[in-house]
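Q: What follows is a predicted protein model with its sequence.
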Amino acid sequence: VIYENVQASVDFLEKSQAADADVVLAFSQGGTMLAIYLDEMRKALRPVRWRLGVFFCGAMVDDEAFQPVEPLPLPALYIHGGDADPWGRHGEK
């Protein structure tokens, strides 16, 4: 799997970051992009301006070029559809 337009998405998230947010919610591919963005912030030693990430049915990064090698730099909650969700276990990686 090779992701396209990742830098444009990172730039968009950078411009969209709300300084006064406590929690960021993400669903499906938005969760994947948020995980990539958080890892980019970690690599750049930049602080995350919110306190919790909540990922619904997403956050798995399948492009090896963007897979985090360290835990994300903030507490996170991952919610999926359990055993009935065919992608649920995949997202626990």
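A: Here it is on my side, so go on. Numbering: from 1, shown residues only.

Q: list the contacts for the closest residue in space to residue 42 that isn't next to it in sequence?
A: In this structure, residue 42 finds its nearest non-sequential neighbour in residue 73, 4.6 Å apart by Cβ to Cβ, 6 or more residues apart in numbering. C-beta coordinates here come from the backbone N, C-alpha and C atoms, glycine included. By Cβ atoms under 8 Å, 6 or more residues apart in numbering, the residues touching residue 73 are 38, 41-42, 48.

Q: Could you do residue 15 as well?
A: With Cβ under 8 Å, 6+ apart, residue 15 has no contacts at all.

Q: for residue 48, same thing?
A: 38, 41, 73-74.

Q: Among those, which ones are in strands?
A: Among the contacts of residue 48, no member is found in strands (DSSP state E).

Q: okay, who's weakest in those residues by pLDDT?
A: Taken together, the contacts of residue 48 show their lowest pLDDT at residue 73, with 83.

Q: Look up how far residue 41 lies from it.
A: 7 Å (Cβ to Cβ, to the nearest Å).

Q: ok, which stretches of the chain are helices?
A: Per DSSP state H, the chain carries helices over the ranges 6-16, 29-43.

Q: Show me which residues of the first one are buried.
A: Pointing back at helix 6-16 there. Within helix 6-16, the residues that count as buried by 16 or more other Cβ atoms under 10 Å are 6, 9-10, 13.

Q: The longest one too?
A: Applying a neighbour-count criterion of 16+ other Cβ under 10 Å, one finds 30-42 buried in helix 29-43.

Q: out of those, who's nearest residue 79?
A: Among those, residue 31 lies closest to residue 79 (Cβ to Cβ), at 9.7 Å.

Q: Wait, the closest one touches residue 72, no?
A: No - the pair residue 31 / residue 72 is not scored as a contact, 11.1 Å apart, by Cβ atoms under 8 Å.
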